[in-house]
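>>> Sequence first, predicted coordinates after that:
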Amino acid sequence: MLEETLDIAPPRAGDFRCASSRGGGGAEPGAKLAQSAELLKVLANPVRLGVILELEKHDERCVRELVASLDVSQPLMSQHLRVPRSANLIVGRRDGKEMRYVIADDQVIHIVRDAIRHALHDGHWDEH
């Protein structure tokens, strides 16, 4: 199943590279895995996950609103916004003196929701 989703064949014993199960265009399976890992690294922080959830809930938020809703400092929020913005997951637009952010890639919402659902399902998430 995983192999079909990623379009890769499982590695053989002693083979540390994934081989493509089908010929054709697109990135090599190893590159696909690397890109996937980079996406997960971008999301691998509670503040950044919170940003995605806030943007999903409100469609658009300014930095001040994100700071208030996630209870972090403005400099810390700016640092965290830079990461998904650089990965083109969110985009910002200037509105007077404020920057307003929206989700640029709706797939990221599904990834975040699935991660949270998985954590809750497996009992890894301790909500207070």
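That came through, no problem. Keep in mind the model is a prediction, meaning the values are calculated, not measured. Numbers count the residues shown, from 1 in each chain.

>>> Show me the shaky parts of the chain.
For the chain, the stretches with pLDDT under 70 are 1-27, 122-128.

>>> quick one, phi/psi of Ser86?
With angles defined as degrees, to the nearest 10, Ser86 sits at phi -60, psi -30.

>>> number of nearby residues for Arg100?
A count of neighbours around Arg100, defined by other CB atoms under 10 Å, yields 16. For glycine as for every other residue, the C-beta is placed from the backbone atoms N, C-alpha and C.

>>> can I assume it sits in a strand?
Yes - under DSSP: H, G, I helix; E, B strand; the rest coil, Arg100 falls within a strand.

>>> Tell me what it is bridged to.
Going by DSSP bridges, Arg100 is paired in beta bridges with Cys62, Arg93.

>>> Can you name the residues that contact it?
60-62, 92-94 (CB atoms under 8 Å, 6 or more residues apart in numbering).

>>> List the contacts of the residue nearest in space to the middle of the chain.
Geometric centre of the chain, nearest residue: Leu43, 3.9 Å, by CA atoms, centre = their mean. Listed by CB under 8 Å, 6+ apart, the contact partners of Leu43 are 49, 52, 84, 108, 111-112, 115.

>>> which among the contacts of Arg100 end up buried?
The neighbour count (16 or more other CB atoms under 10 Å) marks 61-62, 92 as buried among those.
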